[in-house]
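*Asks:* just a sequence and a predicted model for now, questions to come.
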Amino acid sequence: MNAVAEQEEKVIQSQPVETAREFITPGVNILETPDAYVLEAEMPGVNKDGLNIHVEGTILTLVGRRQSAPAANFLYRESGPGDFRRVFELDPAIDTAKITAKIEQGILSMTLPKAEKAKPRRITAS
Amino acid sequence: MIFAKLQRPNYGGISPFHRMVTLRDELDNLFQLALGQPLETPFDPDRLPEGCLPALDLYEDNDGLVVKVELPGMKKEDIAISLEDGTLTVSGERKQDPRFDEATVCRCERVLGRFERRVSLPCKVDAGKIKAAYTDGVLTVTLPKAEEAKPRQIPINIK
């Protein structure tokens, strides 16, 4: 049902610790169409250069790095410190070679197309 | 699926009490549902909890104040900024991607809808020189200090 499931913490731990900086979990919207899954992740302050999308097997890792906050006198601060990171386990039906991504005004939009054989189809009896 | 609009993981803008308040309301609703009573706090998309407002930063440097608001995925035209009586107001509406209306929704964590943030500025600013930019989903408003609010060095002639 929820085919793009969130991976458990163990995956994160099994990977080398990149930095000591704290990661924020970006909010995501995921929808399913007959042909593909569409994922939108909120990463304000991240541009194309700061984005790192990694697929290994069925594990999708999204990392968005942004400029550090200026060393200024903060009177009020609500934005989270550090970069964004989230790990998903993909439905095996997703054709990982055809995944596309773009980032626009802090929203990462990804299209994860389903493999041909996984798409629903109508079978007519002869 | 409309309830799911309020779900959001640990995001910078959420106040620490938001989850507790939400949890309390949800428990109340659960008991009332079980008892077959009408819900005390019906869902109202216009009355989003405080924590769903976009995160705002305010910092100061020598020349002025800088306000940053995290507003991912908006259009420049949909953001309104105004200054009145030393209060800066940023408002707008975050709209749903139309694709989400038809397809099957697996996860819905982004907070959408109308928002308004107000911040009282701690010093006088030069209203004519305010600049705003919207890049990478972050709105940055630069407010130069008014001349009288700038730190000044007064030379003293010792006789």
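*Replies:* Yep, that arrived. The structure displayed is predicted, hence computed values, not measured ones. Numbers count the residues shown, from 1 in each chain, chains lettered A, B, ... in the order given.

*Asks:* wait, isn't B:E147 in contact with B:D126?
*Replies:* Yes - B:E147 lies in contact with B:D126 (Cβ atoms under 8 Å); the separation is 7.5 Å. Where you see a C-beta, it was placed from the backbone N, CA and C, and this is true even at glycine.

*Asks:* higher neighbour count, the two?
*Replies:* B:D126 (15 against 9; other Cβ atoms under 10 Å in any protein chain shown).

*Asks:* ok, now how distant is that one from B:D136?
*Replies:* Between B:D126 and B:D136 the distance is 27 Å, computed by Cβ to Cβ, to the nearest Å.

*Asks:* ok, A:P70 next?
*Replies:* 15 Å.

*Asks:* dihedrals phi and psi, A:E104?
*Replies:* phi -140, psi 120 (degrees, to the nearest 10).

*Asks:* thought it was touching B:G73?
*Replies:* Yes - between A:E104 and B:G73 there is a contact at 7.4 Å, judged by Cβ under 8 Å.

*Asks:* and those two? Which one has more around it.
*Replies:* B:G73 (21 against 13).

*Asks:* what residues are up against the more buried one?
*Replies:* By Cβ atoms under 8 Å, 6 or more residues apart in numbering or on different chains, B:G73 lies in contact with A:40, A:42, A:104-107, B:94, B:110, B:137.

*Asks:* show me the helices in chain B, by range?
*Replies:* Using DSSP state H, the helices of chain B run over B:18-34, B:99-102.

*Asks:* enumerate every residue touching whichever residue of chain A sits closest to chain B.
*Replies:* Relative to chain B, the nearest point of chain A is A:G106 (1.9 Å; Cβ to the nearest Cβ). Counting by Cβ under 8 Å, 6+ apart, A:G106 touches A:42-46, B:70-73, B:136-138.

*Asks:* which of these has the most neighbours?
*Replies:* Counting by other Cβ under 10 Å, top hit in the contacts of A:G106: A:M43 with 30 neighbours.
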